[in-house]
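Trainee: Structure of the sequence below:
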Amino acid sequence: MGDVLFDYEELKAQLKAELEVELEAELKAKLESDQDVEVEEEEYHNQKQINKQINHNIITQKQYQGQASKNDLDSENEAEAETKTKSKTEAEAESKAKSKFI
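Mentor: Prediction:
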């Protein structure tokens, strides 16, 4: 009976060691998997923030372009008005000068 008890204890120790190795491997795999998920979530969050910044920059750029276009249009309109006023004034001056000579 001593041999059977010894074999039982040896088998018990061997099974315990194998279980510990398996549990360690499973825990390590789970830990790595959890870390991968955390990294993926962080990367997703970072990419989302980058996309928000890009969208903000695009909107801001469009606003500046719209303001620049409006300012350009206003400047063109002012230049046209000045040119028309100048032409009209010159035409009136020429007309007065001609009427004096006639």
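Trainee: quick one, helices of this structure?
Mentor: Assigned by DSSP state H, the helices in the chain fall at 2-101.
Trainee: what about it, any weak spots by pLDDT?
Mentor: 1-6, 101-102 (pLDDT under 70).
Trainee: roughly how far apart are T89 and A13?
Mentor: Noted for T89: a distance of 112 Å to A13, by Cβ to Cβ, to the nearest Å. Where C-beta positions appear, they are placed from N, C-alpha and C, glycine not excepted.
Trainee: what does E22 give?
Mentor: Where A13 is concerned, E22 sits at a distance of 15 Å (Cβ to Cβ).
Trainee: same thing with K30?
Mentor: Distance from K30 to A13, by Cβ to Cβ: 26 Å.
Trainee: repeat for I58
Mentor: Per Cβ to Cβ, I58 is found 67 Å from A13.
Trainee: ok, now which ones touch the most centrally placed residue in the chain?
Mentor: Nearest residue to the geometric centre of the chain (Cα atoms, centre = their mean): N51, 1.9 Å. By Cβ atoms under 8 Å, 6 or more residues apart in numbering, the contact set of N51 is empty.
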